[in-house]
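>>> sequence below, structure please.
(one chain, ligands or ions: 1)
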Amino acid sequence: MIGQTDTLVPSLWDSAKSASLDPVAELVYASNLLGADKRITNFGGGNTSSKVRMPDPLTGEEVDVLWVKGSGGDLGTATRANFASLYQDRVLALEDLAKRRGLQEDDIVALYNHCTFGLNPTACSIDTPLHAFVPFSAVSHMHADAVIAIAASKDAEKLNQEVWNGRMGFLPWKRPGFDLGLMLRNLIRENPGIQGALMQSHGFICWADDWASCYELTLDLINQAQEFLDRSPQKQPFGESITSRSSDPKKVLLELLPELRGKTRHNGLRQIAKVDTSEEVLEFVTSEKLGSLAGLGTSCPDHFLRTKIRPMVFNEGGDLEASLGAFREAYGAYYERCKRPDSPAMRNPNPSVVLIPGVGMVSLGKTDQEARVTGEFYRNAIRVMKGAESVSTYTALPEQEAFDIEYWLLEEAKLKRQPPEKDLSRQVAIVTGAAQGIGKATAERLGQLGACVVLLDINQEKLDEAVEGVKATGASALGVVCDVTSDEALAGAFDAATLAYGGIDIVVVNAGNARRGTVAETDPEDYRLLDKLLMKGYFDTIGHSVNLMKRQGTGGSITVVASKNGVAVGSNAALYSAAKAFELHLMRSVAVDHAKDGIRSNAVNPDAVVIGSGIWNDEWRRQTAASLGIQPDEIEAHYRNRTMLKVDVTPDDVAEAICWLANEKRSSRTTGCVITVDGGNREGFLR
Ligand SMILES: [Zn+2]
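Next up, the predicted model:
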């Protein structure tokens, strides 16, 4: 049966491999296989467990240990360290204890720590009782879209019988926790033959005596649901297509994204935006049922923590301010209706998912990854709604239940435990000339500080390497091959940045080159090169940046990489020196003209950056050595000795100064400023 059509999930179990693993390693293996296929469970969703006989470290006596996926993280990439271990009998004993002491759900959670086996520091999941109370050793709880489609159907209980014909019991909707575990135990006691249970509006859980069987069972149950959905004669579950597809979706998005990003700030915090114009999304956002289904909200609790109770639908050409105002008002009203005396304060009332009929979807989050996962979750929701509407009628969670999950105190505690955000998190940076030298070092440093980085360079091969370097810092990065002297290429690069992240906040204008020559002897080719790169290139890059920043309305930081030559001319470098002075004055003009827009404009004046620099590779090195009357390989020592501090100046040194200027948390009161990074050069002092 399995794998007959491409909608079904194929088995990837390797018996030889599993036989070589200890029981916990086998649990990790099974979890990774299950989590790797998003048709089996959504990102970060679902959990798995094994009950293993192990010697107690203190007494040596064999005891039952529950190994269960810990809180947070994704099954697909989970390791042993992501699993909690608990004394099974102590977890079960919590039932009596809770009764005797009259403990509430959230009080019991605090007691799980006291059940820890083997000093394992991994916090267990809120679903731990769901696993503990199943009297089988291998247990799998998944959020498969095909199964949730049945679980979120109006007649889920009836469909449960039709699809699985008695293999699965039925658990009516209940928020995850201890009571849900007890409900499941009772269900199994009353229906001894069942192999799993459909969890209304949530997902399913199934079990077996060993993991090979539990893995195959998990897939089999999902495939039965998928086959049932595939058999439906309803070929238009979302109704007729009533909105035509935009002839130029890119144009619509380029107009919308910066404004959306600017207007969805909350407490001054920006968001990163991701775009999805896939066929799956388009089918939904052009359909007759878009308005009614989007209004119902998502169902699976995991989806909904990220996607919010419902998305905003925004029509191309509409009034964004008014739409967002209405959305925030409705969200505030929902908060007021549902809040409890001890509820956490209202969070960002802006939408995290925006659906644009005929165009696609935009998802928002504090990082690129969070925005992407939010978008993925809404695609899960679209699949669930489509499946449910193809066999029945989709139903969402009751509003109060949804609220209680969104504002669960335990979730709030989890949010508070997250590591503090990095300085440049939520920000998008563009660096020109980013493939080597100062540009490359700066891009990496911006990545370390948490920014999403767009790297522009003319050299594809070196650019790819530099992009990998930024990604290695854990940041999101995009490389765009771009000749900054081409109007078309530069405009295209800013569009690419906008489509990738929603806009820009930080710009480092760096792409340059250098040539020697007095005014009388400058080669006309050299003149054209420097004119285009150092003057027009800087001018246009800043022009695009200012325009985009103004459309966002959230200010920004522009840092110009100039040179000591901008204040102290070098001999035999007439045009280079003049161009660097031009850049400094341009920077000052931007500071003066756009302070009112919250845009800060600053510069760094590096000098003697020879090591790791792109411009010292060829012509400039030879010409400079000739000017100085030394050999090309004596350049490094010459420049080191010329500094007051007798030090090498590296691209990393310059990157540090640039990132301080770019960082509004550090330098928000600084604009029109030049920082020298030259090892000390009295000619280069600013006065
Ligand atoms: Zn779940």
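>>> which residues does the closest residue in space to residue 683 that isn't next to it in sequence contact?
Leaving out its chain neighbours, the residue that sits closest to residue 683 by C-beta to C-beta, 6 or more residues apart in numbering is residue 568, at 3.8 Å. The way it works is simple: take the backbone N, C-alpha and C, and place the C-beta from them, glycine included. Taking C-beta atoms under 8 Å, 6 or more residues apart in numbering, we find residue 568 in contact with 681, 683, 684.
>>> dump these into a markdown table; add neighbour count, pLDDT and secondary structure as well.
Formatted as a markdown table, these follow (neighbours: other C-beta atoms under 10 Å; pLDDT from 0 to 100; DSSP: H, G, I helix; E, B strand; the rest coil):
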| residue | neighbour count | pLDDT | secondary structure |
| --- | --- | --- | --- |
| 681 | 19 | 93 | coil |
| 683 | 12 | 91 | helix |
| 684 | 22 | 92 | helix |
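>>> if I've got this straight, residue 429 is in a strand?
Yes: counting by DSSP: H, G, I helix; E, B strand; the rest coil, residue 429 is part of a strand.
>>> which residues touch it?
Residue 429 neighbours (C-beta under 8 Å, 6+ apart): 443, 446, 451, 452, 453, 454, 504, 505, 506, 507, 508, 662.
>>> same check on residue 602?
557-560, 587, 591, 661, 667, 670-675.
>>> repeat that with 6 Å
559, 661, 673 (C-beta atoms under 6 Å, 6 or more residues apart in numbering).
>>> quick one: secondary structure of it?
Going by three-state DSSP, the state assigned to residue 602 is strand.
>>> confidence score at it?
Looking at residue 602, its pLDDT stands at 98.
>>> with residue 4 instead?
So, for residue 4, pLDDT stands at 42.
>>> that older thread, looking at the contacts of residue 602, which is nearest residue 339?
For these, the minimum distance to residue 339 (C-beta to C-beta) is 42.8 Å, reached by residue 661.
>>> so the closest one makes contact with residue 668?
No: between residue 661 and residue 668 there is no contact under C-beta atoms under 6 Å: 10.6 Å.
>>> for these two, indicate the residue with more neighbours.
The neighbour count for residue 661 versus residue 668, taken as other C-beta atoms under 10 Å, is higher for residue 661 (25 against 12).
>>> for the more buried one, phi and psi?
phi -70, psi -30 (degrees, to the nearest 10).
>>> now it. Nearest residue, chain neighbours left out?
Sequence neighbours aside, residue 602 is the residue nearest to residue 661 in space, at 4.4 Å (criterion: C-beta to C-beta, 6+ apart).
>>> ok, the one you found to residue 669 distance?
11 Å (C-beta to C-beta, to the nearest Å).
>>> what of residue 60?
For residue 60, the distance to residue 669 - C-beta to C-beta - is 65 Å.
>>> how about residues contacting the helix or strand harbouring residue 255?
Assigned by DSSP states H and E, residue 255 belongs to helix 249-263. With contacts defined as C-beta under 6 Å, 6+ apart, helix 249-263 is touched by 246, 273, 275, 277, 316, 320, 324, 359, 495, 498, 502-503, 548, 551-554.
>>> number of nearby residues for residue 515?
By other C-beta under 10 Å, the residues close to residue 515 number 21.
>>> cool, and residue 209?
For residue 209, the neighbour count with other C-beta under 10 Å is 10.
>>> I'd like the distance between it and residue 443.
53 Å.
>>> and for residue 559?
13 Å.
>>> these two: who's more crowded?
residue 443 (34 against 28).
>>> the more buried one and residue 430 touch, don't they?
No: in this structure, residue 443 is not within contact of residue 430 by C-beta under 6 Å, at 9.5 Å.
>>> surely residue 88 and residue 67 touch.
No: counting by C-beta under 6 Å, residue 88 stays clear of residue 67, with 9.9 Å between them.
>>> what about the closest residue to residue 366 other than its chain neighbours, how many neighbours?
Nearest non-adjacent residue to residue 366, counting by C-beta to C-beta, 6+ apart: residue 426, 5.4 Å away. Residue 426: 21 surrounding residues under other C-beta under 10 Å.
>>> report the contact partners of residue 426.
So residue 426 contacts 269, 270, 366 (C-beta under 6 Å, 6+ apart).
>>> could you give the mean pLDDT of the helix holding residue 255?
Mean predicted lDDT for helix 249-263 stands at 97.
>>> check stretch 67-78 too.
Stretch 67-78 comes out at a mean pLDDT of 91.
>>> same check on stretch 178-191?
For stretch 178-191, the mean confidence score works out to 96.
>>> what about that stretch, distance to the chain center?
Relative to its chain's centre, stretch 178-191 lies at 37 Å (C-alpha atoms, centre = their mean, to the nearest Å).
>>> switch to numbering from 48
All set: I'll call the first residue 48, so the last point we hit is now stretch 225-238.
>>> can you point out the buried residues in it?
For stretch 225-238, a neighbour-count test (16 or more other C-beta atoms under 10 Å) marks 225, 227, 228, 229, 230, 231, 232, 234, 235 as buried.
>>> so the fifth one versus residue 219, what's the distance?
Read that as residue 230. Distance from residue 230 to residue 219, by C-beta to C-beta: 8 Å.
>>> and the fourth one, by the same measure?
Using C-beta to C-beta, we find residue 229 at a distance of 13 Å from residue 219.
>>> before we move on, what about the first one?
With the distance defined as C-beta to C-beta, residue 225 ends up 16 Å from residue 219.
>>> ok, the last one next?
With distances defined as C-beta to C-beta, the gap from residue 235 to residue 219 amounts to 15 Å.
>>> so which helix or strand takes in residue 111?
strand 109-116.
>>> ditto for residue 286
Using DSSP H and E, residue 286 falls outside every helix and strand.
>>> nearest spatial neighbour of it, skipping sequence neighbours?
Using C-beta to C-beta, 6+ apart, the closest residue to residue 286 is residue 335 (3.2 Å).
>>> just checking, that neighbour touches residue 288?
No: taking contacts as C-beta under 6 Å, residue 335 lies outside contact range of residue 288: 7.4 Å.
>>> give me the neighbour count for residue 194.
Neighbour tally, residue 194, other C-beta under 10 Å: 32.
>>> picking up where we left off before, what lines up beside the following helix or strand past the helix holding residue 302 in the sheet?
Heading C-terminal from helix 296-310, the first helix or strand you meet, by DSSP H and E, is strand 319-323. Counting by DSSP bridges, the strands paired with strand 319-323 are strand 407-412 (antiparallel).
>>> quick check: angle from the strand it pairs with to helix 296-310?
For strand 407-412 against helix 296-310, the angle by axes from the mean of the first three to the mean of the last three C-alpha atoms, to 10 degrees is 30 degrees.
>>> and residue 420, how close does it get to residue 200?
25 Å.
>>> cool, and residue 563?
As judged by C-beta to C-beta, residue 563 and residue 200 stand 75 Å apart.
>>> ok, now residue 115?
To residue 200, residue 115 is 29 Å away according to C-beta to C-beta.
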